[in-house]
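Participant: what would the 3D arrangement of this be:
(chains A, B, C, D, E and F)
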Amino acid sequence: MSKDVVADLKRDYITRLLAKGMRSDGRQFDEMRSLKVETNYIGSAQGSALVHLGDTTVVVGVKLILGAPFPDTPNTGVLTTNAELIPMASETFESGPPDQTSIEVARVVDRGIREGHAVDLEKLCLEPGKQVWIMFVDVHVLDYDGNLFDAASIGANAAFKTAMVPNKAAGLGEDVPLPVKHQPISITVVKIDGKLLVDPTHDEERVADARLTVATIETGNLCAMQKGLDGAFTLDEVLKVVETSSRIGAEIRSKL
Amino acid sequence: MSKDVVADLKRDYITRLLAKGMRSDGRQFDEMRSLKVETNYIGSAQGSALVHLGDTTVVVGVKLILGAPFPDTPNTGVLTTNAELIPMASETFESGPPDQTSIEVARVVDRGIREGHAVDLEKLCLEPGKQVWIMFVDVHVLDYDGNLFDAASIGANAAFKTAMVPNKAAGLGEDVPLPVKHQPISITVVKIDGKLLVDPTHDEERVADARLTVATIETGNLCAMQKGLDGAFTLDEVLKVVETSSRIGAEIRSKL
Amino acid sequence: MSKDVVADLKRDYITRLLAKGMRSDGRQFDEMRSLKVETNYIGSAQGSALVHLGDTTVVVGVKLILGAPFPDTPNTGVLTTNAELIPMASETFESGPPDQTSIEVARVVDRGIREGHAVDLEKLCLEPGKQVWIMFVDVHVLDYDGNLFDAASIGANAAFKTAMVPNKAAGLGEDVPLPVKHQPISITVVKIDGKLLVDPTHDEERVADARLTVATIETGNLCAMQKGLDGAFTLDEVLKVVETSSRIGAEIRSKL
Amino acid sequence: MGGAPTDLKLIDERGLRLDGRRPDEMRPLKIEAGVLNKADGSAFVEWGMNKVMAAVYGPRECHPRHLQNTERALVQCHYNMASFSVEDRKRPGPDRRSHEISKILSEALTHVVFTEYFPRTSIDVYIEVLQANAGTRCAGLTAASVALADAGVPMRDLVASVAAGKVANTIVLDLGKEEDNFGQADIPVGYVPRTDEVVLLQMDGDLTREEFDKGLHMAVGACKKVYEVQRDALKRRYSARAEGQEEGA
Amino acid sequence: MGGAPTDLKLIDERGLRLDGRRPDEMRPLKIEAGVLNKADGSAFVEWGMNKVMAAVYGPRECHPRHLQNTERALVQCHYNMASFSVEDRKRPGPDRRSHEISKILSEALTHVVFTEYFPRTSIDVYIEVLQANAGTRCAGLTAASVALADAGVPMRDLVASVAAGKVANTIVLDLGKEEDNFGQADIPVGYVPRTDEVVLLQMDGDLTREEFDKGLHMAVGACKKVYEVQRDALKRRYSARAEGQEEGA
Amino acid sequence: MGGAPTDLKLIDERGLRLDGRRPDEMRPLKIEAGVLNKADGSAFVEWGMNKVMAAVYGPRECHPRHLQNTERALVQCHYNMASFSVEDRKRPGPDRRSHEISKILSEALTHVVFTEYFPRTSIDVYIEVLQANAGTRCAGLTAASVALADAGVPMRDLVASVAAGKVANTIVLDLGKEEDNFGQADIPVGYVPRTDEVVLLQMDGDLTREEFDKGLHMAVGACKKVYEVQRDALKRRYSARAEGQEEGA
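Facilitator: Predicted structure coming up:
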């Protein structure tokens, strides 16, 4: 059977269930999959988390390296986010330089962290214009069953909470906790046949019409958003997704 | 119809006209297409020109950035020329890193500017061995109907004439005009069926046997030359092309 | 005939000869091909050698450039080895960035030189932590008939013996000979049908089951080893190869 | 929303912005369709100090083959900034930002193209930013829609695009460069007027849900104005063509 | 064997190593098979402070086609270090060292896979080093063998792998990080217990032939212990599966 | 023509050049054909202090396929400088200069090869500069012609190549390294003696039309001498082969 036929059958199956108000794994439309987070998973990183979101597994590693700030922001540390969608994790990932999908994941995760001020980058400045901490957030996907945005966003926040600034190794005194400021959690919703489903599996992503990721912080304020896929949302749907994502984001945040 | 068949028909058509002394767009053999130049087209560049040469359109942008000189030329600014033959401009251009064609265009334009001393690079030195202006000449091709060499060469010279050295933004006093020295204009001739045609269209380039580009300055002296394509010139033809290119280059120069 | 069929025929021919104790070029199993080495072949390099090992030809060029040491080895010069398996040398080499084969050649040659202390890198330090000589060993393969490891290893050692440190051009006094310490020579053995053959030709490499390269120094000590290809060695075979390679390595060393 | 604090007063005491605009006022927008000779369709957009060219080739054979979809055309958008388009020279070629923008613009345009009419083909949309001054992805999407129509590609509707944002605690329309650099939030929106649908939506910064609601509606309202300018450009293009044909006849 | 001299006493007066091990003692090794959902087979190895994941896909169609072998499957191993796996952040993507390791691991695994059963296909083995602390190529080869078995790929036997080495003039087993950095030699060995064959062998440093002989035999002896841990992991995996099937039944 | 002014006297009071040559005198040229075993044809050129190797493979199947020409062979020249061929070490791999030279040499050679005899094939010409001392493109083109003939590729004629130039206001032949660095103009010429045609021509520097005319004719005249050396090399190669065959018989 060709890929297209398989996709059609999958779509039929999923939408028929949705019409009855059901998802193929038995979840409610607005229900996340089971979430397990193990922090300090990687000893060679300053902060890290192993995240299992359903059958999706990612490792997020945070490393801090001394370096120079950007000329236009001499007083702030540098944040760099990278996502490796390695072929280990899925038949659909290919080796080679980052493709548009992994770039989008990295940039959306980066935007949530940065705009939600997860880390107080100003406190990562050691000498204005000269020396700052460069913070690398590396997302390594080991097992891919959909919704990398949220798994990575959760993992990054969990890693930040337990990360240490390695002052000692740099001869700068004692290690101190990373200056965490906010906890921007992103929640992703897809639209299939007019239904809005939280935390899509890979199969759901494949048949989805549109996707919207919304990151919020503790205040309930929005800090980042990304619409994806070939479909569209009505304005009402957008606002409904924003409401749902904010609510579920708060629940997740309370558990971290 | 295969590409080769189309090329054969096109060649037949063009050569049959040439035999009657005619070009497909009605021009004389030694006639340039209509030329329109708009300078200061790009506000974010220190100098720029939009050039329409017939149906060929290029934008040339000149930017000056502070940097270090090459160790073996501590007293002169640095000139870097780049050509982007983007797929917007033609079905025959592909995306990706520069191919041999765009490299040749960039290098031939660069050679004309450099050897013809269009800009007095020594005046772009601020502190010998330490700090100079690095001048980037970027040729961006928007619409491609042949003869990029000349369109880009004309555009670069036009851009130089109106470019300003951005001293102010660098805290080095007032902006001053770019130190223009000569105006090396390149004129390109192709040979089809033994005929020599100035300023070829893309169709003419495609059926041409050989190509010769000659750049001259105000004194009538030659500063750069490049033969291309799979065919050959006799010595007499070379000298005839040199004569024609010098003459037409002078006409173009007088109009800039 | 398909490649596979040709390979099968070649294998048949080679193994049938081996069963009779013969190699297709008449050599003994433990016999190297004729070796010719011309040093100081490249005037633009500080040391160089043209090596003919049978029908395999490589040029090894050694260049010394001033630069900074690695932070974790502030007192030693830097050694960088590169191999270019250019398509000139064989139909089986492709152009483009180094593939796994050329990377393996470079790294195995490098390991021999480095671990065998061919050059006293500490004597290439000029100012600890600041300035050292960076030694580039470039292996350029012109004609490929197998066993690059040994041809390159021999060439590197020959080049070192005649290389000069270019103090004069750097304003550091007189040129002096490169501080050579040991002469680590690698000898490669392949296993075909249970037979162990020294210095394989390209045809022998193609039908070989396994390959083992052993580098030794004057003391008889081992400094580097690399097993390759899809086959295996018994422990006895490994020890036999080590013995053979040590013996032949010593013979080669005495001739350089 | 890099947002280093500055003395810059992004909104003055009269409630006007740095360039004198009211909060809900767009920068001047000019669109011209059919400006290139070689492309199947093209459009040039001048929007404030942005200059953006869009060109369309296709539907045409899809390379490489393994990307072909047997049921529909692939809309492949390529967003690129000319090296001289920004203050500091940009290295030629796509960076990570360009790749992301290309992806979301491709998705937004796919929604309005009748891709099912042209299975196995590619419709290539090239967007070249010649001069950049905030809002280039919206300008590019707006230009690309017109270029697709100019190329005669069958579409459900045009996509119109503009951003809302927040500066000095005020929700404003169509951020300028300083507002983008020192403002509090940016919400680029791509909108399909005929179906009342959002096909492009991003946000970054800090917004209450009420502010986002207001910004989204402000952007959508402005998209309808952008849409008028797009349609005008196409009308001018068609009448020019018609004249050309009459002259030719 | 970068080996700058140090005050580090790699072996103390009692003959014990930095981490208290005897010369012929391996670091603690744990293997778990079948840890990933998407891969056809997988294994996770914790070996001292190393964490290495291996996953197998295939036999599956071989891309690009010109790599296809009409007579057998291609075993393609891809060794990669996560950027956070080492002290200094590693740039993502393969470097020259990774390429070399991928090559020799592919060769070692090819020997034990019945590649002739699956002409024209590719069996892709991905090895991801999540935390590195000396010995990752041996850990990766050990994990890859288990992952191949977990994927149901027919094999002559498993490859077990461990390194011997020389520190403070003593032949020791399974070098730790400081021993690797400041020791005198390293001999990574890959071994097939059932056929008593060596499929991976490298060496660097300075060894007499006697020392090498001793190290090789020490490594081979330890490979047999690694092999037991591999088999235990697979047994646990099969019984877990069997239970799952009974439960499912 | 980088041309920083120097105290260097490029032409002395006797009218002789730095290396003692007269203005119209070439550096010593030696050519040997058939020097490589694996290539279908090869030639080695020592020209002054230049050492340049050329090798030819083909006509053979053209990869990638989309480059194939259904009516003729593709002559693909690959000019490359060894990293140790110049004073400062050159990074391995082609740079922009190499790409340009490869292009113009391919075009020059295409003119003399009977490409129409071998549709769909590729004739690959590899030029490796082992030691560079000004004039490597001419040396490479000269070597490539001989290598093509050695490979038995049917040709209209050989291309001979040499540069003229201008130093110290004098038109001279075959610039050496200092003359190239500090001279006033360089005119590399590729010439086909039998048809009296120019297939390679570049120029940079500053020349009156009269000077160019003189330089062009000087170069063409010298190409005829280069041609003799090329033919001698091939004659020696053929007689060596013939002897080899007799011996073999």
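Participant: and chain A, which residues reach chain D?
Facilitator: Residues of chain A lying close to chain D by CB under 8 Å from any CB of the partner chain are A:2, A:4, A:72-73, A:75, A:98, A:100-101, A:103-104, A:106-107, A:111, A:114-115, A:212, A:220-235, A:238-239, A:242-243, A:246. C-betas here are computed from N, CA, C, even on glycine.
Participant: out of those residues, which sit inside strands?
Facilitator: Of the residues of chain A next to chain D, the ones assigned to strands by DSSP state E are A:Leu212, A:Leu222, A:Cys223, A:Ala224, A:Met225, A:Gln226, A:Lys227, A:Gly228, A:Phe233, A:Thr234.
Participant: how about a markdown table for these, with pLDDT and neighbour count added?
Facilitator: What follows is these, written out as a markdown table (pLDDT from 0 to 100; neighbours: other CB atoms under 10 Å in any protein chain shown):
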| residue | pLDDT | neighbour count |
| --- | --- | --- |
| A:Leu212 | 98 | 25 |
| A:Leu222 | 98 | 28 |
| A:Cys223 | 98 | 28 |
| A:Ala224 | 98 | 29 |
| A:Met225 | 98 | 29 |
| A:Gln226 | 98 | 25 |
| A:Lys227 | 98 | 26 |
| A:Gly228 | 97 | 24 |
| A:Phe233 | 98 | 22 |
| A:Thr234 | 98 | 14 |
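Participant: greatest separation within these: which pair is it?
Facilitator: A:Cys223 and A:Thr234 (23.4 Å; CB to CB).
Participant: now chain D against chain E: closest residue?
Facilitator: Residue nearest to chain E within chain D (CB to the nearest CB): D:His66, separated by 8.8 Å.
Participant: secondary structure class of that residue, three-state.
Facilitator: The three-state assignment at D:His66 reads helix, by DSSP: H, G, I helix; E, B strand; the rest coil.
Participant: near it, how many other residues are there?
Facilitator: Neighbour count for D:His66, taken as other CB atoms under 10 Å in any protein chain shown: 7.
Participant: cool, the one 3 residues further on as well?
Facilitator: Using other CB under 10 Å, D:Asn69 has 17 other residues around it.
Participant: what of A:Ala68?
Facilitator: Neighbours of A:Ala68 using other CB under 10 Å come to 13.
Participant: and the gap between it and A:Lys130?
Facilitator: 7 Å (CB to CB, to the nearest Å).
Participant: and D:Phe84, by the same measure?
Facilitator: For D:Phe84, the distance to A:Lys130 - CB to CB - is 31 Å.
Participant: between these two, which is the more surrounded one?
Facilitator: Ranked by neighbour count (other CB under 10 Å), D:Phe84 and A:Lys130 place D:Phe84 first, with 28 against 10.
Participant: ok so, going back, just the buried residues of the residues of chain A next to chain D.
Facilitator: Neighbour counting by 16 or more other CB atoms under 10 Å in any protein chain shown classes A:73, A:98, A:101, A:103-104, A:106-107, A:111, A:114-115, A:212, A:221-233, A:235, A:238-239, A:242, A:246 among those as buried.
Participant: related to what we said a few turns ago, CSV for the ones in strands among the residues of chain A next to chain D, including distance to chain B?
Facilitator: Below are these laid out as CSV (distance: CB to the nearest CB, whole Å):
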residue, distance to chain B
A:Leu212, 30
A:Leu222, 32
A:Cys223, 30
A:Ala224, 28
A:Met225, 29
A:Gln226, 25
A:Lys227, 25
A:Gly228, 23
A:Phe233, 31
A:Thr234, 34
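Participant: ok, so of those, who is nearest chain E?
Facilitator: A:Gly228 (21.3 Å).
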